[in-house]
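1. Sequence first, then the predicted structure:
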Amino acid sequence: MHPTLEPLGDIIKKVFVSHHGYVYVQGDYPWTESSLGFIHLTDEFGEPAIEALYPDFLRYYHLENHISLARAQASITNAFNQKEHITLKELVICFNFHYINDGFYEFINRSCHICGLRQLNPPRDENGIPSWEICDCCGAQAGIDDIDINMIRINRVRWLNGGATWVNPQYKPFYWDYKMQLEDISPEFF
């Protein structure tokens, strides 16, 4: 029997059913409260994999995108820690934000080497050429503030010691968490 699709707004209310599993959402990011999806529960090792159980179902309903249940839970918890009275629409916005920071590990090189904020363009291309872009979060400039691992570490410590503030606070999401963002920095830059 295939999973039952339900609106993301209903799924978000159920993400604390287990510690292990994934939330699959139909279509492309960003999603709305009415976007359809389901929760797939697994054991701590990710078994059984839904891709092995229902590959045709996932493709037919365009359910290729997913976020770990733990990350979905963290996004909801983080939202409530930031705001006492939060709407379902705001929870969906938060879910979308955390999807970007969880669901694209193959693009982790898009993250700022200093603070981990996902960038529109990678800080460096596949040939190591810097983008020269300035991060809206920590203010680091690719090609200047990340020339080697020591410079990266110095700038990260400086940013954290300064309160991890945003240089362009108008872009800071209300549900932002610097610790979760730091998780998106590639291990080679720590």
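-> Perfect, thanks for sending it. Numbers count the residues shown, from 1 in each chain.

2. Tell me which residues are up against the worst-scoring helix or strand of the chain on mean pLDDT.
-> One helix or strand of the chain scores below all others by mean pLDDT, DSSP states H and E: helix 88-102, with a mean of 77. Residues outside helix 88-102 that contact it (CB atoms under 8 Å, 6 or more residues apart in numbering): 8-9, 12, 25, 29-33, 65, 67-68, 71-72, 74-76, 78-79, 83, 118, 173-176, 180-181, 183-184. In short, each C-beta sits where N, CA and C put it, glycine included.

3. among those residues, which ones are buried?
-> 8-9, 12, 25, 31, 33, 65, 67-68, 71-72, 74-76, 78-79, 118, 175-176, 180-181, 184 (16 or more other CB atoms under 10 Å).

4. which helices and strands sit right next to the helix or strand G37 falls within?
-> G37 belongs to strand 36-41 when assigned by DSSP states H and E. With contacts taken as 3 or more CB pairs under 8 Å, 6 or more residues apart in numbering; DSSP states H and E, strand 36-41 sits against strand 6-7, helix 8-12, strand 21-25.

5. And A142, what's its pLDDT?
-> Looking at A142, its pLDDT is 94.

6. is it true that it touches G128?
-> No. Counting by CB atoms under 8 Å, A142 stays clear of G128, with 10.9 Å between them.

7. Run a quick neighbour tally on the closest residue to G27 other than its chain neighbours.
-> Leaving out its chain neighbours, the residue that sits closest to G27 by CB to CB, 6 or more residues apart in numbering is H62, at 5.5 Å. Look at H62: counted by other CB atoms under 10 Å, it has 13 neighbours.

8. Need the three-state assignment for H62.
-> What DSSP: H, G, I helix; E, B strand; the rest coil gives for H62 is coil.

9. still on that earlier bit, mind giving me JSON lines with the helices and strands packed on strand 36-41 and columns for distance to A52 and mean pLDDT?
-> Formatted as JSON lines, the helices and strands packed on strand 36-41 follow (distance: least, CB to CB, whole Å; pLDDT from 0 to 100):
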{"stretch": "strand 6-7", "distance to A52": "22", "mean pLDDT": "95"}
{"stretch": "helix 8-12", "distance to A52": "22", "mean pLDDT": "92"}
{"stretch": "strand 21-25", "distance to A52": "13", "mean pLDDT": "91"}
